[in-house]
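Engineer: quick check, what structure comes out for this input:
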Amino acid sequence: MDLILEDLAAIDNKLSQRHIDLDPGGYFIIYLDRGASLIYAKHFTNVIDDQGLAVDPETGKVIPAKGKVERTHTTVFSGRTAKELCVKIFEETQPCPVTQLDHASYLGRELVRAEVALVTGQEYVQD
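Structural biologist: Below is the predicted model:
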């Protein structure tokens, strides 16, 4: 069976709707700086409550999944490629800010998507 781009996009869109457990090590906001030709990943800490929701460790308030939230990041990672960022985050940072394998996999996929968008000029929106 030949898969076309629409089929592949439909598979990814469906998988993006699944439940995932949040990483107690925190989360990342990924964005591009096209002028500098860099990918950035801001890391934010969180605590996971009994209901599985991410909570700001300073305020105790639930961090919403959508909308703008005013928080201070703990670290900003930058790199020219997904691989460069993965080395910085997973190999050079101790302790590693990612504590779950599914989160590591997600982050790797997102950084590759960001790299492709940077190289091709396409828009990048984090999944």
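Engineer: where does this protein dip in pLDDT?
Structural biologist: 1-2 (pLDDT under 70).
Engineer: quick check: longest helix of this protein.
Structural biologist: If each helix of the chain is counted by residues according to DSSP state H, the longest one is helix 101-120.
Engineer: list of residues touching that one?
Structural biologist: 20-21, 23, 25, 28, 30-32, 34, 37-39, 41, 81-82, 85-86, 89-90, 98, 122-124, 126-127 (C-beta atoms under 8 Å, 6 or more residues apart in numbering). (Each C-beta comes from the backbone N, C-alpha and C, glycine too.)
Engineer: now stretch 48-61
Structural biologist: Stretch 48-61 has contacts (C-beta under 8 Å, 6+ apart) with 21-24, 27, 45-47, 62-63, 71.
Engineer: which of the contacts of helix 101-120 are buried? Put it as a ChimeraX command.
Structural biologist: To isolate the buried members of these in ChimeraX, using 16 or more other C-beta atoms under 10 Å:
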select :23,25,28,30,32,38,39,41,81,82,85,86,89,98,124
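Engineer: so which of the contacts of helix 101-120 are in strands?
Structural biologist: Members of those lying in strands (criterion: DSSP state E): 28, 30-32, 38-39, 41.
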